[in-house]
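**Q** Predicted coordinates and the sequence they were generated for:
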Amino acid sequence: MVDMHKLMERLYPLCRSLTGNGNRATLAVLKETVDGLRTYEIPTGSRVGDWIVPDEWNCKGGWIEDESGARIVDFTESNLHVMGYSTPTDAWLTLDELKPHLYSLPDHPDWVPYVTSYYQRRWGFCLADKVLKKLKPGRYHAFIDSTLEPGSLTIADAVLTGETQEEIFFSTYICHPSMANNELSGPCVAAALYDWLKNLPRRRYTYRFAFAPETIGAIAYISRNLQALKAHVAAGFNLTCVGDDRAWSYMPSRRGNTLADRVALNLLRALHPDFTAYSYLQRGSDERQYCAPGVDLPFCSVMRSKYAAYPEYHTSADDLSLVTTDGLAGTLAFFKDVIGVLESNATYRTTTVGEPQLGRRGLYPTLSYFGSTGEAVRNMMNLLSYADGTLDIIGISDAIGVSVKALAHMASQLEREGLLERLSGSMTHPPITA
Amino acid sequence: MVDMHKLMERLYPLCRSLTGNGNRATLAVLKETVDGLRTYEIPTGSRVGDWIVPDEWNCKGGWIEDESGARIVDFTESNLHVMGYSTPTDAWLTLDELKPHLYSLPDHPDWVPYVTSYYQRRWGFCLADKVLKKLKPGRYHAFIDSTLEPGSLTIADAVLTGETQEEIFFSTYICHPSMANNELSGPCVAAALYDWLKNLPRRRYTYRFAFAPETIGAIAYISRNLQALKAHVAAGFNLTCVGDDRAWSYMPSRRGNTLADRVALNLLRALHPDFTAYSYLQRGSDERQYCAPGVDLPFCSVMRSKYAAYPEYHTSADDLSLVTTDGLAGTLAFFKDVIGVLESNATYRTTTVGEPQLGRRGLYPTLSYFGSTGEAVRNMMNLLSYADGTLDIIGISDAIGVSVKALAHMASQLEREGLLERLSGSMTHPPITA
Amino acid sequence: MVDMHKLMERLYPLCRSLTGNGNRATLAVLKETVDGLRTYEIPTGSRVGDWIVPDEWNCKGGWIEDESGARIVDFTESNLHVMGYSTPTDAWLTLDELKPHLYSLPDHPDWVPYVTSYYQRRWGFCLADKVLKKLKPGRYHAFIDSTLEPGSLTIADAVLTGETQEEIFFSTYICHPSMANNELSGPCVAAALYDWLKNLPRRRYTYRFAFAPETIGAIAYISRNLQALKAHVAAGFNLTCVGDDRAWSYMPSRRGNTLADRVALNLLRALHPDFTAYSYLQRGSDERQYCAPGVDLPFCSVMRSKYAAYPEYHTSADDLSLVTTDGLAGTLAFFKDVIGVLESNATYRTTTVGEPQLGRRGLYPTLSYFGSTGEAVRNMMNLLSYADGTLDIIGISDAIGVSVKALAHMASQLEREGLLERLSGSMTHPPITA
């Protein structure tokens, strides 16, 4: 079993960005768990979708020193201190000259913000506002040991084949440096899900995992696989911000009623009924690409604290303490349930004219008496009464308020009794118990 | 005119069950009114739908005596005292041996519960809890003079043909012994409806009435008539619990928007707006069979106090005083209105470009003055403005808040004036006035 | 630019009715602005739709005098004093004989009501209730110098051709004598709209204006043009009660979801969110004809104070002071916006796989930093995310809460950038700015 928080701790110091060796190192660590991981290098300058892959950025260090040689900020302390995609720099500047290159958060004077300039050449440093405020007039030495050179954009995926070509697709991103909820929680939960799925005795669905930088990476991945994804993906989930333990959040697909949305909502309502349902207008991660017009994959996101909706977002405070073991485990359990529901889901039709005689099968009380019909029998009769060949198990669960897991078990039993006939869904094994 | 309460009093003492001579005697009494009644005997052991017809049960008597010969309970006082389908018994038992065979209602110490064991052989007695509580240790003589033998299940129907093969179907059940609201109210209202319909000068629809034990009887009836029912039934109603005067209740069809639902809701909203709309999840009578997947007839129920929702349900307190003359008459009037609406319903289309000139036909005030257009004229103009060939009269009634009865009269008038053209519905006579 | 209130003042004294020279004089004044106006004379006795054109009515004068020769009411003071379509009269009557011919408003003792008897021959006078109340017993001389003779019904239209045959249709009525909001506001706003449209450099749509007496005139116009209207009208608006400054009102089409309704609701919600949405059941003007079954044009009304919903309606108090310069100007501005929206509206589809790279086009901030994405960028990205080839600009505006005007500008920009492709709508010029 994957220790997700440990994995996160290993990945945390690596300097990820749109491109660069930090991303490759991250994928190498992930491949220890996600053993089928394949990486793809897309040369800089290539066109992906409408985008052009920028030069590869690598950063070995960076700091600001004052005239006494005291370091104000240092990349080795936190890779957030050097603005992403900063050009190489080695210059002495006055405080006034330096200031336009400094970014801080006045409202959170202890936190270091996360800033990038991927597509326009700049250099800069991010620092705590309380440090910035203390800088005295004088001269400062700004040094950034980075390269911006031809190279490649690195994306990766892994596929676990199942009994059918139909796919469940988990996408997550690798592009933020040392941040936990809004970066590493996604790949770590993805790795744990992969590990769990790999060891299942059978899988009805094929499972696809993609790891790529947000936006351009997702677009690159979609561009290279569009026809296959459109042909095979039955449901997809963007794994983002899945690590803290303070909230449950739901971001719908653009159309809002895909299989991914239906399973997510069914389970959130049952398990975490106080979840926050966001509007697609509040989107901000790779659902933007997966649900784009013309792509239109059945993709939604189930998150804990949603990006841009918690104070630590895009700052140094989104750290290893923000993401908890419980938070990660809760999300993992949720997505195991998602998979259990999807694996179990099917459309059934009754085989009898009117209700079947459950009593002679030992499924119904033989004595008609006040209150003698218990909840289990009522649930079974409701299943039989709604299994009309149009509603799938998720739809029946929504209609009768019984969990998909319970309904799937009942449906298996009733199928064995010859009372239900499966119309769609090719599950040839018992429902998965998460 | 049928005196429904009198009819109920005659039927009340007969010992009805799933099978047996009590049912045949009940149908014989009903046939005095429902003169076209045909009965069908389905041999025990037959398969109906998924069910197997059990042995026929007949009970001539049954009692418990104490050692002094005093009778504790006696079938001749109330047929509820012997549990339905009790096996023959003649045994002396201690109180402790007897108790597992006794059923009572601690919450209602004066009432005798109604209990059956159709499909598993048992014997038992039902008695008031206050009587049970007073039984002293000692020996008791339990005697049941019943038979469980090959025979048949008895079901019956009657059909009043109309101008078309399209059918309105009323189904009711015969299987409970001495109970009034949840048994006899249905057959008695059905008989009165039959009598009223039989004497109508013309009927656009064919009317079908079915009388059969609940569940297995309805399934038997459906199994034998499925294709015809699916081909012809335009609307159906399960007549159950239609006799008390304390409530109006509505049980939708599974799909909720059939012609039966539409007419029921239109009239309930107009006539009994405080009715309780139940969910299909709260179903419990033969709508379970008529709306089963694959059967899917357009069936709903309009009830007074719904089964399982009033305290006297399935007890000796559901007696002749619970069902009132007013309650029965109110239900009969309601279903006459249902029939009136269905007979009158049609889809119309206007024949003119824009509004017709009602004034030159004497249908519109000749003076344009404040408030000179009354409600009747507005209703007529609304009818003309919504008669677009897609809405039927029920739909127009729902849209403009005018009764179907009033609209049907207006539509006839406007059809005679050549201003409306009937597109569907074959009514060749004036609307029925209930 | 048309001075709408001045135009209204010129038209106010003319005695309009269903027919007659007052209507022709009104159209002659309007033709000074609506230079393409064509009039059509439909002979009395003709059939239009289901209606028969009544004799032409002209009235030169009318009065009541008492025995002393004092005039009680006089047509030359207000043409409302003579009931519309009054027969010629010259008679001495007692007060009791006169009273059935007198109409007043007890609730508004100073106001003269508006009364007509188009289709039944009568004569009458309308007067202030306070005048009526003061009449003393005695003899009165009633004199009406009118004619009811063969002639014709006069209707008119004007068409401004555009780049396509698709039409936007404004209909208004000419049949009430001296009343302002519920008569002249419509033709005056129509004339101003015509004038503005005529001077636009280009028009995607063809614009049609109809001027005809309410009801029979609209029916005549529809009857003569039904196939063309059904083939070409994309959206239509009934211009009625568009002159006071106290309210905004919306009367939907019968079906409620036509292009006319969609643009009206989009703009009312954005610009006048406190508007009153009436039901089609509260209709009362020519939408009754344009939305009649079988006609079913996409017609709605945006009004100020709705007919029959303000106290001065159909009285002498609906005068030149009730309709204000601001009221007329506000309505004109609203319909210019309606036209701007319709001219700009189109369906678009994105051309890229996933989001386009806005940054390299200068359309996106180059620095990723807290709050660096402003509203304009978010709106543009929302437009790109909803432009899926099914939603038109109005639909996207409804979905993302950005004005059609802003979206149309953005869409033009994105079309020039090659990021959006126009699927429908033939606009070949920039959006109109009202």
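**A** On my side now, so go ahead. Numbers count the residues shown, from 1 in each chain, chains lettered A, B, ... in the order given.

**Q** hey, let's count contacts and neighbours off CA atoms from now on
**A** Will do.

**Q** mind listing the strands for the stretch 301-434 of chain A?
**A** Taking DSSP state E, counting those that start in this stretch, the strands of the stretch 301-434 of chain A run over residues A:347-350, A:388-392, A:420-424.

**Q** Using CSV, write down the CA coordinates of the strand or helix carrying A:Leu229.
**A** Assigned by DSSP states H and E, A:Leu229 belongs to helix A:216-232. This file holds the C-alpha atoms of helix A:216-232, laid out as CSV (Å, rounded to 0.1, in the frame of the first residue of the first chain):
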residue,chain,number,x,y,z
ILE,A,216,-0.3,23.2,-22.0
GLY,A,217,0.5,19.7,-20.8
ALA,A,218,-3.2,18.6,-20.8
ILE,A,219,-3.6,20.2,-24.2
ALA,A,220,-0.6,18.3,-25.5
TYR,A,221,-2.0,15.1,-24.0
ILE,A,222,-5.4,15.6,-25.5
SER,A,223,-4.1,16.7,-28.9
ARG,A,224,-2.1,13.5,-29.2
ASN,A,225,-4.9,11.2,-28.1
LEU,A,226,-8.1,13.0,-29.0
GLN,A,227,-9.8,10.4,-31.1
ALA,A,228,-8.9,7.6,-28.7
LEU,A,229,-10.1,9.5,-25.7
LYS,A,230,-13.3,10.5,-27.4
ALA,A,231,-13.9,6.9,-28.4
HIS,A,232,-13.2,5.2,-25.1
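
**Q** that older thread, from the strands of the stretch 301-434 of chain A, which stretch is densest packed?
**A** Greatest average neighbour count among those goes to strand A:347-350 (a mean of 24), per mean count of other Cα atoms under 10 Å in any protein chain shown.

**Q** contacts for it?
**A** For strand A:347-350, the external contacting residues (Cα atoms under 8 Å, 6 or more residues apart in numbering or on different chains) are A:384, A:387-393, A:419-425, B:293-294.

**Q** try 7 Å
**A** The contact list for strand A:347-350 (Cα atoms under 7 Å, 6 or more residues apart in numbering or on different chains) reads A:384, A:387-393, A:419-425, B:293.

**Q** Check those one by one and keep those near chain C.
**A** When these are checked against chain C using Cα under 7 Å from any Cα of the partner chain, none falls in range.

**Q** Of all pairs in those, which one spans the longest distance?
**A** A:Gly425 and B:Pro293 (19.3 Å; Cα to Cα).

**Q** Neighbour count: the two, which is higher?
**A** Neighbours were counted for A:Gly425 and for B:Pro293 using other Cα atoms under 10 Å in any protein chain shown; B:Pro293 has more, 24 against 17.

**Q** For the stretch 301-434 of chain A, give me the ranges with low pLDDT.
**A** Residues of the stretch 301-434 of chain A that meet the criterion pLDDT under 70 lie in A:370-372, A:425-434.

**Q** By proximity to chain C, which residue of it wins?
**A** A:His314 (8.0 Å; Cα to the nearest Cα).

**Q** Now A:Ser17: closest residue in space, sequence neighbours ignored.
**A** A:Cys175 (4.2 Å; Cα to Cα, 6 or more residues apart in numbering or on different chains).

**Q** Pull the contacting residues for that neighbour.
**A** Counting by Cα under 7 Å, 6+ apart, A:Cys175 has contacts A:16-18, A:213-214.

**Q** do that again at 10 Å, thanks
**A** Contact analysis of A:Cys175 by Cα atoms under 10 Å, 6 or more residues apart in numbering or on different chains lists A:15-20, A:22-23, A:26, A:84, A:183-184, A:211-215, A:217.

**Q** tell me the secondary structure for it?
**A** coil (DSSP: H, G, I helix; E, B strand; the rest coil).

**Q** Next up, identify which helix or strand the nearest residue to A:Asn21 once chain neighbours are set aside is on.
**A** Among residues not flanking A:Asn21 along the chain, A:Asn58 sits closest, at 6.6 Å (Cα to Cα, 6+ apart). Assigned by DSSP H and E, A:Asn58 belongs to strand A:56-66.

**Q** So which bits of that strand are buried?
**A** By neighbour count on 16 or more other Cα atoms under 10 Å in any protein chain shown, the buried set for strand A:56-66 is A:56-59, A:61-66.

**Q** Okay, A:Thr116 and chain C: tell me how far apart.
**A** From A:Thr116 over to chain C the distance is 5 Å, taken as Cα to the nearest Cα, to the nearest Å.

**Q** what does A:Leu37 give?
**A** 24 Å.

**Q** Please look at that residue and A:Ala158 and confirm they touch.
**A** Yes: between A:Leu37 and A:Ala158 there is a contact under Cα atoms under 10 Å: 4.6 Å.

**Q** tell me, what's touching the two both at once?
**A** A:31, A:209-211.

**Q** neighbour-wise, which of these leads?
**A** Going by other Cα under 10 Å, A:Phe211 tops those with 29 neighbours.

**Q** residues in contact with it?
**A** Taking Cα under 10 Å, 6+ apart, one finds A:23, A:27, A:30, A:37-39, A:154-158, A:170-175, A:186-187, A:190, A:217-218, A:221, A:239 in contact with A:Phe211.

**Q** Whichever of these end up buried, select them in ChimeraX.
**A** To isolate the buried subset of these in ChimeraX, counting by 16+ other Cα under 10 Å, use the following:
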select /A:23,27,30,37,39,154,155,156,157,158,170,171,172,173,174,175,186,187,190,217,218,221,239
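
**Q** and stretch A:406-420, how far out from the chain's middle?
**A** The chain centre lies 33 Å from the centre of stretch A:406-420; the measure is Cα atoms, centre = their mean, to the nearest Å.

**Q** Return the set of buried residues in it.
**A** A:407-408, A:410-412, A:414-415, A:419-420.

**Q** Stretch A:315-323 now?
**A** A:315-320, A:322-323.

**Q** and what of stretch A:143-155?
**A** A:143-148, A:151-155.

**Q** which ones are touching whichever residue of the stretch 101-250 of chain A sits closest to chain B?
**A** The stretch 101-250 of chain A approaches chain B most closely through A:Ala234 (26.8 Å), counting by Cα to the nearest Cα. Contact analysis of A:Ala234 by Cα under 10 Å, 6+ apart lists A:165-169, A:205-206, A:258-260, A:297-299, A:342.

**Q** from these, which ones fall inside strands?
**A** A:167-169, A:206, A:299 (DSSP state E).

**Q** Reformat the residues you listed as JSON lines; add pLDDT.
**A** Listed next are these as JSON lines, based on pLDDT from 0 to 100:
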{"residue": "A:Glu167", "pLDDT": "97"}
{"residue": "A:Ile168", "pLDDT": "98"}
{"residue": "A:Phe169", "pLDDT": "98"}
{"residue": "A:Thr206", "pLDDT": "98"}
{"residue": "A:Phe299", "pLDDT": "97"}
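
**Q** Can you pull the residues of the stretch 201-350 of chain A lying near chain C?
**A** Residues of the stretch 201-350 of chain A lying close to chain C (Cα under 10 Å from any Cα of the partner chain) are A:215-216, A:218-220, A:222-223, A:226, A:254-255, A:280-283, A:286-296, A:308, A:313-315.

**Q** Please repeat the previous calculation with a cut-off of 7 Å.
**A** A:219, A:223, A:289, A:292-295.

**Q** Nearest to C:Phe125 among those residues?
**A** A:Pro293 (67.0 Å).

**Q** residue ranges of the helices in the stretch 201-350 of chain A, please?
**A** Ranges of helices in the stretch 201-350 of chain A, per DSSP state H, counting those that start in this stretch, are A:216-232, A:259-271, A:287-290, A:325-344.

**Q** Pick the most buried one from these.
**A** The highest mean neighbour count among those, using mean count of other Cα under 10 Å, belongs to helix A:287-290: a mean of 28.

**Q** what sits against the closest residue to A:Ile394 other than its chain neighbours?
**A** Distances taken as Cα to Cα, 6+ apart place A:Val404 nearest to A:Ile394, at 6.1 Å, with adjacent residues excluded. A:Val404 makes contact with A:341, A:393-394, A:397, according to Cα under 7 Å, 6+ apart.

**Q** Ok, A:Leu383 next?
**A** A:Ile396.
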